[in-house]
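K.L.:
Dropping the sequence and predicted coords here.
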Amino acid sequence: MAGQSGSFFNDVQMAPPIEVFALIDRFKKDEHPKKVNLSVGAYRTEEGKPWVLPVVKVAEVAMVSDPTLNHEYLPVAGLEDFRDASCKLLLGADSPAIVENRTQGVQCLGGTGAIRLAAEFLKRVLKFDTVFVSKPTWGNHKGVFKAAGFSSIKEYRYWNDANKNLDLEGMLQDLKNAPEKSAVILHACAHNPTGVDPTREQWKLIADVLEAKKIFVLIDCAYQGFASGNIDNDAFAPRYFAERGFEFFTAQSFSKNFGLYNERTGNLCVVNRSPEMKAQVKSQLEIIVRTMWSNPPNHGARIVASVLNNNSQFNDWKENVKTMANRILNNRKLLYDKLRAKGTPGTWDHIINQIGMFSFTGLGPRQVTHLIDNYHIYLMKEGGRINMCAITSKNVDYVVEAIHDAITTVPKT
Ligand code: PLP
């Protein structure tokens, strides 16, 4: 071959696989007739299929025939109707932070983009270098903050493995020991991966510590409506922080609650202490966006804006969200009942007590490997995390049989 000799890429090492995508890949190649993918992070119907929300289809059809739409760039900060409606959805229209005009949004590439924008702002503008994430947390939190240049990524205790619930004491203790200029990521609801959320009383205790320690709060809200089926209940934490007068960021994702996974639809909702600060903050966020994705995509944001700003579509959407949440709740009960009926050792109360799409089953790494290798049931190693909506009435007996076998014949570690 003519041209330069050698290659710039000779010494490029293979990067470690991204667990969830590696599992999906293995699942696709697996030809076993009973294979089940419990690892995927997306909603599935009873037929095991992705679901386009009916209200999303309605909004899309209207978009196709709208002669006023075109493919011009959106503003750097994104579609205004979308940003404003997203912040209102999160905080409630009567929140002091909205009424007093202290809130604004910046459209981002999904929840991940909003977290990255928050991290870049904290690093570049506020000069933060320490962030606390829950132990465990969504796999990407640490990576995003590392990519933004944070050199100190610490964990606060969260999951109590013995009791399969929240280690509140550990969490409060770790946050009390945080150094100055620390930020913390909190999951608004449906904590990923544990499915364990603080109660309202516990949120108050957490807020007390964060306030006393002046820790900057970034709420990750990827599942509003998905947890309880009620968008107001699921927004308790950000609404409470706003009422208490916190300045904070919330990274909102519309991937799950609108089923807009591939449209990269997210919003960074910024609550400030006074309206006067908004312009400076926005200008800095825009500079960061300009160097990352320059302008956000239109399609998903336009759908969300249409639905949130139209009473009838908004009501339909709330019903669609309930449909998804209820299916997950029913599946929790189904799995729980079947495990109990089979007499599988262990208490399985956590399956029905956990919240949201995921459940930390408590299966150990060797038991997970057993399920993958011998039953072709794919799930995440950490905590044996499963996606509850991947369970169907057709596969539940097979899944229960496999879990029973793993628990009774294979040691946890
Ligand atoms: N935060 C959490 C806790 C998540 O579970 C996810 C997605 O799985 C995200 C953020 C990212 O969402 P998005 O796909 O909108 O980037």
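P.N.:
Okay, I see it.

K.L.:
Check whether P179 sits in a helix, strand or coil.
P.N.:
coil (DSSP: H, G, I helix; E, B strand; the rest coil).

K.L.:
shouldn't N101 be in contact with P275?
P.N.:
Yes - at 4.4 Å, N101 and P275 qualify as touching, with contact defined as Cβ atoms under 8 Å. Glycine gets a C-beta too; all of them are placed from N, C-alpha and C.

K.L.:
Now for the nearest residue to V321 once chain neighbours are set aside, how many residues are close by?
P.N.:
What sits nearest to V321 in space, not counting adjacent residues and going by Cβ to Cβ, 6 or more residues apart in numbering, is G225, at 3.8 Å. The number of residues packed near G225 is 25, by other Cβ atoms under 10 Å.

K.L.:
repeat for N230
P.N.:
Around N230 there are 14 residues (other Cβ under 10 Å).

K.L.:
list the helices and strands the helix or strand harbouring K146 packs on?
P.N.:
For K146, the host element (DSSP states H and E) is helix 140-147. On a contact count with 3 or more Cβ pairs under 8 Å, 6 or more residues apart in numbering; DSSP states H and E, helix 140-147 meets helix 110-124, strand 130-135, strand 152-157.

K.L.:
Need the winner for burial among the ones you listed.
P.N.:
helix 110-124 (a mean of 24; mean count of other Cβ atoms under 10 Å).

K.L.:
With just CA atoms, put it into PDB.
P.N.:
Extracted as PDB, the C-alpha positions of helix 110-124 are listed here (Å, rounded to 0.1, in the frame of the first residue of the first chain):
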ATOM      1  CA  GLY A 110     -29.900  12.900  26.900                       C
ATOM      2  CA  GLY A 111     -29.300  12.600  30.600                       C
ATOM      3  CA  THR A 112     -25.700  11.700  30.000                       C
ATOM      4  CA  GLY A 113     -25.100  15.000  28.200                       C
ATOM      5  CA  ALA A 114     -26.700  16.900  31.000                       C
ATOM      6  CA  ILE A 115     -24.500  15.200  33.600                       C
ATOM      7  CA  ARG A 116     -21.400  15.900  31.400                       C
ATOM      8  CA  LEU A 117     -22.400  19.600  31.000                       C
ATOM      9  CA  ALA A 118     -22.800  19.800  34.800                       C
ATOM     10  CA  ALA A 119     -19.500  18.200  35.400                       C
ATOM     11  CA  GLU A 120     -17.700  20.500  32.900                       C
ATOM     12  CA  PHE A 121     -19.300  23.600  34.500                       C
ATOM     13  CA  LEU A 122     -18.300  22.500  38.000                       C
ATOM     14  CA  LYS A 123     -14.800  21.800  36.800                       C
ATOM     15  CA  ARG A 124     -14.100  24.700  34.400                       C
END
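
K.L.:
Show me what the mean pLDDT comes to for that helix.
P.N.:
Across helix 110-124, pLDDT averages out at 98.

K.L.:
and the angle from it to helix 140-147?
P.N.:
Inter-element angle recorded for helix 110-124 and helix 140-147: 40 degrees (by axes from the mean of the first three to the mean of the last three Cα atoms, to 10 degrees).

K.L.:
Mind listing residues that contact helix 110-124?
P.N.:
Helix 110-124 is contacted from outside by 106, 108, 128-129, 131, 140-141, 144-145, 147-150, 183, 185, 216, 218, 220-222, 249, 251-255, 264-268, 284-285, 288-289, 292-293, 296, using Cβ atoms under 8 Å, 6 or more residues apart in numbering.

K.L.:
burial count for A62?
P.N.:
The number of residues packed near A62 is 15, by other Cβ under 10 Å.

K.L.:
and what of the one 5 residues further on?
P.N.:
The burial metric for P67, expressed as a neighbour count using other Cβ under 10 Å, is 5.
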